[in-house]
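Engineer: for reference, the sequence and a predicted model appear below.
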Amino acid sequence: MILGGPVIVLSLARLADALYFTFAYYGRVRKSCWVPAVFYVREGPSCVAVVRTTYGSVFGVPNSLLGIVYYVLLLVWALTWHSAISGSRVGLIILSTRFTDILIASGATTVALGFYLIFALRRILYTDCPWCYAAHGINLALLALLVVAR
């Protein structure tokens, strides 16, 4: 499946991003030479400041933590397409239409939440977060790839 490669690359990028923001949410991001300043500024409009608002979690669970689960599932799905053992029972479950439909529904929910978060970012928090815009754009691309793969 030719779509598996882009799904893997985009999922890995978003997984790294989600891991970073989960650490930021829990206050584990420290100023260091490899972290751009926009991420570790604690006051004003920064990515860490945005993550720590009420918009940074759903039912008390950080958005990024939910994202980690979603991106790992996407990676498992995409890697199964490339796996030589995709004929195994586990491979058949992962490649099943039902599992793909669950991923599409999760992706659609993620994209809908992303539109709301961009609205909140711009109209309620009055800030810009190019990193957030890129992340939500990647989520939209992942959803499109899943729909095409279906």
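Structural biologist: Looks like it came in fine.

Engineer: any stretches of the protein with poor pLDDT?
Structural biologist: Filtered on pLDDT under 70, the chain yields the residue ranges 1-2, 29-49, 81-96.

Engineer: swap the cut-off to 80 and go again
Structural biologist: 1-4, 24, 27-52, 80-97, 128-130, 150 (pLDDT under 80).

Engineer: quick one: the strands in it?
Structural biologist: Listed from the start of the chain, the chain has strands (DSSP state E) covering 57-58, 61-62.

Engineer: buried deepest among those, which one?
Structural biologist: Scoring the strands of the chain by mean neighbour count under mean count of other CB atoms under 10 Å gives strand 61-62 as the most buried, with a mean of 16. Every residue, glycine included, has its C-beta placed from N, CA and C.

Engineer: who's in contact with that strand?
Structural biologist: Residues external to strand 61-62 that are found in contact with it (CB atoms under 8 Å, 6 or more residues apart in numbering): 21-22, 25-26, 51, 56.

Engineer: partner strands of that strand and their direction?
Structural biologist: When pairing is defined by DSSP bridges, strand 61-62 lines up against strand 57-58 (antiparallel).
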